[in-house]
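# Next come a sequence and a model predicted from it.
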Amino acid sequence: MRILVLFFFLVTHLVVSQNKVSINGSIVDQESNLPLESATVYFTKVSDSTVVDYTISNSKGNFSFNLVSINYPVELKISYAGYKEFKKKIPSLTSNLDLGILKLSENVAALNEVVVKSEAPPIRIKTDTLEFNASSFKVAPDANVEKLLKQLPGVEIDEEGKITVNGKEVNNILVNGKPFFGKDGKIATQNLPAEIINKVQVTDTKTKKEELTGKNASSDEKTINLTIDEDKNKGLFGRVNAGYGTNDRYESSLLINYFKGPQKISVLASSNNINSTGFSMDEIFDNMGGGRNRNVWISGNGTFQVNGMRFGSDKGITQSSMIGLNYADEWFNKKIDPNLNYYFSNSETNNKNRTERINLLNDGNTLTKSNSNSNTLSNGHNLGFQFEIKIDSTTTLFFNPNLQTAHSKNRYDSYRTTEDSQNTLLNDNVSNEFTTSDMVNFKNNLYLVRKLKRKGRSISANFDVNNKESNDEASIYNKTTFYQSGNTDDERNQFVKDLDRNNEYQFGLEYNEPITDSLSLGISGTYGINKSVRDKMTRDFNSAIGDYDLINDPLTSNIVSNKQTVSPRVELQLNKKNLRGFFSFGPDVVNYYNKSNYRTQETVLNSNHMLPYMRANLRYSFAKSKSIYFNADYKVNLPTANQLLPFEDLSNPLNTITGNPDLKPNENYSFYMNFNNFDFATRSGMFIWSGGDYNKYQVVSSTTYDNDFKATTTFQNIDESYSGYLGISFSRQFKKEKRTFRYRVSMTSDFNFDKGLTNAVLYEARGINLRPRASLSWSIEDLITIEPSYTYINNRTSYKNYIIDEAQNFRHNAKLEITSYWPKNFLIGSDFGYNYNSNIANGFQKDFYLWNLSLGYNFYNDRFLAKVKMYDVLNQNVSATRTISPTAITDEENTVLKQYVMFSLTYKLTKFAGKEKKSNRFWMH
C-alpha cells in the first residue's frame with residue numbers, strides 16, 4: 001500500500017513539473033464595450049472537439065487559464081446567452097498568450113439563449129438557469145447521476161445526502177421536466193446512469209401555481225432537471241442486483257426503464273434485510289450502508305423514507321421489500337402531461353432498546369432506566385397521479401390525486417424503573433402491548449390558471465383536499481408499582497380502540513395584475529375547513545367471561561375540533577434585473593370550535609380570532625453567482641384541542657394530562673438569510689446562512705411530580721423563547737489533466753432558549769451546538785479517489801432553577817473513503833470510520849470503528865459485476881447516543897447490524913435505439 005501511494009505521488013509530481021503556459025483575455029460587448037460577466041470560455045481540440053479546459057469570465061469580463069504546454073491545434077470558443085459564438089483557432093499553446101480584448105456581437109435571433117449545434121459549452125449561465133453539459137464532466141463508466149453531480153462545479157452533496165448548488169438546497173429533482181418516482185429525486189440520482197444524461201439544468205424551485213402563472217419563485221431553494229441524451233431517450237436499460245451473505249443477510253434490487261421520446265416507463269423492485277431501500281445502486285457497495293451510502297436515505301437509527309413512504313420502525317434491523325412503477329408521457333399533441341407513481345412496501349423491524357434518562361428537577365434529579373423489545377410489521381400502498389392539461393394556449397388545468405394506505409402490527413414489551421438521587425426506588429412499570437393500525441390518506445391539489453392578454457395578468461383558482469383516517473386497536477397489559485407515597489398500584493388489562501379522522505378542504509381565488517414591467521400586484525382569498533375527530537374507547541378485561549367487555553369510562557373520550565378560516569391576502573412582487581422581492585400580508589379570520597365528551601360531561605370551547613399574517617423576502621444579485629437573500633415571516637398559531645380542553649387524559653399511568661382553556665395563541669416571528677458567492681473561474685465558493693424563530697406566548701408543559709415520580713401535566717403560556725442557527729462554508733476545486741482536488745470546510749451552530757414549568761418552578765435552558773467540519777477529495781481519473789472527512793460536534797446546555805447548572809458532551813466523527821479502479825476491470829472500495837461520544841453513562845460504549853470493504857470485478861463486456869463485500873470488518877458497530885434536552889439527559893442504545901460478508905452479482909442492461917454518441921467527456925492536457 002505504501003509503495004502504491006508513493007507511486008501516485010511520484011506520478012503527480014512528474015505531471016506537475018511539466019511546462020505551464022498562461023492565457024489571458026477580456027470579453028466585452030461589441031457595441032457598448034461593456035464587460036460580459038459569466039461568459040463560458042473553453043478550448044477544444046481541433047481534431048475531435050474534445051474539451052481541453054474551460055473557465056468563466058468574471059464581473060470585469062476577464063478570464064485566464066493556466067495550462068500544461070499544448071503542441072497541437074486547439075480552438076478557443078466563447079459562449080454567452082444572447083450573443084453569437086466566438087471562435088478562434090490557435091496552432092499551439094507552448095508559451096504565454098495575451099488574447100487582449102475579445103468582442104462579442106449580439107445574436108438578435110436568440111436573445112435568451114445561445115444555441116451551439118456542434119458541441120455545447122461545459123457551462124451556460126442564462127437569466128434563470130444554470131446549465132451543465134454532462135458530457136464535459138468525466139465519471140466512471142458505471143457511475144450514477146449522483147456521481148456526475150459531484151463533479152459539477154458548485155454542486156455539493158453533504159454527509160446527510162443533501163444536495164446544494166452554490167450553497168442553495170435542492171428540494172426538487174426532475175427528469176425531462178417531470179417527476180421520476182416523485183419529486184424527491186433520490187431514485188433518479190441513485191439509479192439513472194450518468195451516461196444517458198445530456199444536460200443538468202438548475203433553476204429556482206417554484207410552486208405549481210407560480211409555475212403555471214409565470215410568477216417568480218418565492219423560495220430560495222433550487223430544482224435540478226436532468227435532460228436525457230437524444231440518442232439514449234429511446235431504448236431499454238436498467239440493472240438487476242442480487243446478493244447473499246453470512247448470517248442470512250441478503251439484498252436484491254431491480255430497476256428497468258423503457259424510454260421512447262416523451263413516454264417513460266420504469267419498474268423497480270427490491271428486498272433486503274440490511275436496513276436499505278435497495279435502490280442506492282452504488283458501484284462499490286451496492287446497498288450496503290454504514291459508510292458512503294449511510295446518508296442517502298437511511299437514518300442512523302434504521303428508518304428511511306422514499307417520497308413520504310416510511311420503511312421500518314425508528315430503530316433496529318429492518319427487512320424490507322418494495323415494488324414501484326413510474327409512467328410519464330405526453331398525450332394529444334402535448335396537451336396533456338400525465339405522470340403516475342405507484343409503490344407497494346413491506347417491512348419488518350426488530351429492536352432491543354436500553355435507555356437511561358436523567359430527569360432534571362429543581363430539588364434533586366431522578367434516574368429512569370428502561371429495557372424494551374419491539375417487533376413491527378407494516379405494509380403500504382401509495383398511488384399518485386399528476387395531470388397537466390393545456391385547455392388552450394392561455395388556460396391550464398392541473399391536478400394530482402394521491403391515495404396512500406398502510407397497515408401495521410406492533411408488539412412492544414418493556415420494563416422501566418425510576419429512582420431518586422439516593423438510589424431509592426420510586427416506581428417501576430411492566431408493559432406488554434400489541435397494536436394493529438390501519439391508515440387511509442387521500443390528497444388532491446387542483447389548479448385552474450388562465451393567463452390574460454396583458455403579460456403577467458392572470459386569474460387562478462385552487463381546491464385542495466386532505467382526508468386522513470387512522471384506526472388503532474391495542475391489547476395492553478400494564479402494571480405500575482409505587483413505592484413511596486402510598487398510592488395504589490395501577491394494573492391494567494385493556495383493549496383500546498382509537499379512531500382519528502382529519503378532513504381538510506381549502507378553496508382559493510387569485511388575481512394578478514402587472515403595475516409596471518417590474519412590479520405586480522396580487523389579490524387572493526382562501527376559505528379553509530379543518531375538522532378532526534378522535535374517538536377513544538377503552539374496555540377492561542372481564543375474567544369471568546374471558547373477554548374485554550367492561551367499558552372504562554375514565555379512559556374513554558371523544559374530541560371534536562373544527563377550524564374555519566378565511567384568509568384574504570394582498571401580495572406585491574418585484575422583479576428587476578438584480579433585485580427580486582415578495583411581500584404578502586393579510587389577516588386570518590378564524591372560528592375555532594372544540595368539544596370533548598368525557599364521563600358523560602360535555603365541554604364546548606368556541607372562539608373567534610383575527611390573526612395577522614405577513615411574509616416578505618428580498619434577493620439581490622451582485623453578479624450571476626453572487627447574491628444575498630432574506631426572508632421573514634410573522635404568523636399566529638392557535639393551541640391544539642388537547643392543549644385547550646380541560647379533561648383528564650389518564651392513558652399513561654405515570655402522567656395525567658389536563659388541558660388549559662385559558663391558553664393564548666402563540667405568536668411566531670421567523671427569519672432566514674443567506675449569502676452565496678461562487679467563482680466558476682477558480683471553482684471556489686462561499687456560503688453563509690442564518691435563521692431563527694422567536695416565540696411569544698409559546699405553549700409549554702407544566703408538570704408536577706409526587707413522591708413516586710408520578711406526573712401531573714397541564715399547559716401554560718410563557719413570555720418568550722427563541723432558537724436560531726448560523727453557518728458558513730467554503731469549498732474549492734483544483735483540476736489539472738486527470739487529477740482533481742477538492743476541499744470543503746464549514747462551521748455550523750445552533751442555539752436555543754427554552755422555558756418551562758417543573759414542580760411549579762420556572763426553569764430556563766440555554767443550549768448551543770457547534771459543528772466544525774472539513775472534507776477533502778483527491779482523485780486521479782479512472783484510477784483512484786481518496787476522500788477523508790472529520791466532524792466535531794459540541795453540545796452545551798446551561799440551566800437555571802435546576803439542581804445542575806450545565807450539561808455538555810462532544811462527539812468526534814472521522815471517515816476515510818478510498819475507491820480504486822486499478823487494475824483494469826477491478827473496483828476496490830474501503831470505508832473506514834471512527835465515532836466517539838463523550839460523557840455517555842457507564843455501561844454504554846463511548847467509541848467504535850466501522851470499516852467496510854468491497855472488491856468487484858467487471859466482466860462480459862462490463863455487463864456483469866461480481867463483488868465480495870464485508871460489513872463491519874472489525875465487528876465493533878454499536879448504536880449508543882446521548883441527547884441533551886431542556887428537561888432530560890438521555891443515553892440510548894439500540895440494535896444495529898453486525899459483521900457480515902456478502903457476495904453479489906449485478907447485471908447491466910443497455911439497449912438503445914439511437915446511435916452511439918461520440919464521447920466528449922472532460923479531458924485536459
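Okay, I see it.
# so which helix or strand takes in the residue nearest to Ile389 when sequence neighbours are not counted?
Ranked by CB to CB, 6 or more residues apart in numbering and with sequence neighbours excluded, the top spatial neighbour of Ile389 is Leu397, at 4.4 Å. No exception for glycine: its C-beta is placed from N, CA and C like everyone else's. Using DSSP states H and E, Leu397 falls within strand 395-399.
# How about Asn642?
Going by DSSP H and E, Asn642 is part of helix 641-644.
# And that helix, what does it pack against?
In terms of contacts (3 or more CB pairs under 8 Å, 6 or more residues apart in numbering; DSSP states H and E), helix 641-644 is packed against strand 557-575, strand 579-598.
# Serialize these to JSON lines and add fields for mean neighbour count.
Listed next are those as JSON lines, based on neighbours: other CB atoms under 10 Å:
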{"stretch": "strand 557-575", "mean neighbour count": "18"}
{"stretch": "strand 579-598", "mean neighbour count": "18"}
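# And the strands in the stretch 701-850 of the chain?
Ranges of strands in the stretch 701-850 of the chain, per DSSP state E, counting those that start in this stretch, are 711-736, 739-758, 761-780, 784-800, 806-820, 826-837, 847-859.
# Where does the prediction get shaky in this structure?
1-18, 109-119, 184, 278-283, 289-314, 914-925 (pLDDT under 70).
# Centroid-nearest residue for the chain?
In the chain, the C-alpha nearest the mean C-alpha coordinate belongs to Lys162, at 5.5 Å (CA atoms, centre = their mean).
# Next up, phi/psi of it, please.
Dihedral pair for Lys162: phi -80, psi 130, per degrees, to the nearest 10.
# returning to what we had before: helices or strands up against the helix or strand following the strand holding Leu397?
Proceeding N to C from strand 395-399, the next assigned helix or strand is strand 402-420, under DSSP H and E. Under the contact criterion of 3+ CB pairs under 8 Å, 6+ apart, strand 402-420 touches strand 366-390, strand 425-451.
# what's the spacing between the first one and its chain's center?
Per CA atoms, centre = their mean, to the nearest Å, the displacement of strand 366-390 from the mean C-alpha position of its chain is 17 Å.
# hmm, back to that, what's next to the helix holding Asn642, contact-wise?
For helix 641-644, contacts defined as CB atoms under 8 Å, 6 or more residues apart in numbering pick out 532, 559-561, 594, 596, 605, 649, 657, 659-661, 663, 699, 715.
# Quick check: the farthest pair among the residues you listed?
Spatially, the most separated pair among these is Val560 and Val699, at 20.3 Å (CB to CB).
# Closest to Ser746 out of the contacts of helix 641-644?
Of all these, Val699 has the smallest distance to Ser746: 34.5 Å, by CB to CB.
# Count the residues that sit near the closest one.
When neighbours are defined as other CB atoms under 10 Å, Val699 has 20 of them.
# now the helix or strand harbouring it, how far from the centre of its chain.
Assigned by DSSP H and E, Val699 belongs to strand 684-705. Its chain's C-alpha centre and that of strand 684-705 lie 20 Å apart, by CA atoms, centre = their mean.
# between that strand and strand 711-736, how many degrees?
Taking axes from the mean of the first three to the mean of the last three CA atoms, to 10 degrees, one finds that strand 684-705 is oriented at 170 degrees with respect to strand 711-736.
# Give the other helices and strands that strand 684-705 contacts.
strand 666-679, strand 711-736, strand 739-758.
# May I have the residues that are in contact with the closest residue to Pro73 other than its chain neighbours?
The shortest distance from Pro73 to any non-neighbouring residue, by CB to CB, 6+ apart, is to Val46 (4.1 Å). If you count contacts by CB under 8 Å, 6+ apart, Val46 has them with 72-75, 89.
# Val496 versus Met537, what's the distance?
From Met537 across to Val496, the span is 7 Å (CB to CB, to the nearest Å).
# And for Lys453?
Counting by CB to CB - Lys453 and Val496 are separated by 61 Å.
# the more surrounded of these two?
With neighbours defined as other CB under 10 Å, Lys453 and Val496 compare such that Val496 has more, 21 against 6.
# just checking, the more buried one touches Lys536?
Yes - the criterion here is CB atoms under 8 Å, and Val496 meets it with Lys536 at 7.0 Å.
# and for the two, which residues touch both?
With CB under 8 Å, 6+ apart, Val496 and Lys536 have common neighbours 555, 651.
# Now do the SS call for the closest residue in space to Leu34 that isn't next to it in sequence.
Nearest in space to Leu34, with sequence neighbours left out and distances taken as CB to CB, 6+ apart, is Val28 at 6.2 Å. Put simply, Val28 is strand when judged by DSSP: H, G, I helix; E, B strand; the rest coil.
# Touching, Val28 and Ser57? I think so.
No - if you go by CB under 8 Å, Val28 and Ser57 don't touch, sitting 9.8 Å apart.
# Those two: which has the busier surroundings?
Counting neighbours by other CB under 10 Å for Val28 and for Ser57 shows that Ser57 has the greater number, 27 against 18.
# any idea how far that one lies from Leu99?
Distance of Ser57 to Leu99, computed by CB to CB: 12 Å.
# State the three-state secondary structure for the residue sitting furthest away from the middle of the chain.
Residue farthest from the centre of the chain, counting by CA atoms, centre = their mean, is Ala544 at 54.2 Å. On the three-state scheme (three-state DSSP), Ala544 is labelled coil.
# ok, now Ser219?
Ser219 ends up coil, using three-state DSSP.
# Could you report the neighbour count for the closest residue to it other than its chain neighbours?
Closest residue in space to Ser219, ignoring its immediate chain neighbours: Thr205 at 5.6 Å, by CB to CB, 6+ apart. Using other CB under 10 Å, the number of residues around Thr205 comes to 20.
# got it, and the one 5 residues further on?
As a burial measure, the neighbour count of Glu210 was computed by other CB under 10 Å and equals 16.
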